[in-house]
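J.: structural data only, the sequence is not supplied:
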C-alpha cells in the first residue's frame, strides 16, 4: 500500500461563513440555544446558522464542536503511543486503534524510521493499561509508550482565509 497525500479542494466561504468560524473557534456560546445566540451576533437566523454549520461540517471545515475537558481534573491521565506498522497492515491496525473512544489524534508519520502510527489515550490508568494490552493482543506490535509528564496548553486561533 502506497500512501499518497490527500489533495483537498478549498471550500467556497463567504463573509458570514468566515465570521461564524471565527466566533465558534474563540468561544462557543454556552446557552440553551447556542445557534440562536450565534445568529444574533452575526445578524442571521438560528436556522441559517445551523444550516451553515452543518454544511461546513459536511465539507470537513468543522471537524467537531464540543468541549475540551481537563482530563486530569477528572482523575484521568494520558499517554502518547507509537506503533511500528507496515504499509500492508496500516488499515487493519488503524481500525483496531480507532475502535476505542478513549483514543484521539491517531495519525501516520510516514517519514519516521520505525514507529510511524501515533495516537493519544486519555483515560484512567487502569483503562489505559487495558487498552494497551488489548491493542498488543490484537496487533502483536511493539508499543512505544510516552506518559504525559507535564501539560503545556496553548491557545490556538486559526486565521480564516479570504
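T.: Done, it's in. Given the structure is predicted, the values throughout are model-derived calculations rather than measurements. Numbering: from 1, shown residues only.

J.: ok, and the closest non-adjacent residue to the most centrally placed residue in the chain?
T.: Central residue of the chain (CA atoms, centre = their mean): residue 105, 5.2 Å from the mean position. Leaving aside its chain neighbours, residue 105 sits nearest to residue 120 (4.9 Å; criterion: CB to CB, 6 or more residues apart in numbering). To be clear about C-beta, it is placed using only N, CA and C from the backbone, and glycine gets the same treatment.

J.: kindly report the same for residue 22.
T.: Nearest non-adjacent residue to residue 22, counting by CB to CB, 6+ apart: residue 160, 5.6 Å away.

J.: re earlier: whichever strand or helix holds the residue nearest to residue 105 - contacts with which helices or strands?
T.: Using DSSP states H and E, the element containing residue 120 is strand 117-123. Contacts defined by 3 or more CB pairs under 8 Å, 6 or more residues apart in numbering; DSSP states H and E place strand 117-123 against strand 77-83, helix 90-97, strand 103-108, helix 125-139.

J.: follow-up on the earlier one: list the contacts for the residue nearest to the centre of the chain?
T.: 118-120 (CB atoms under 8 Å, 6 or more residues apart in numbering).
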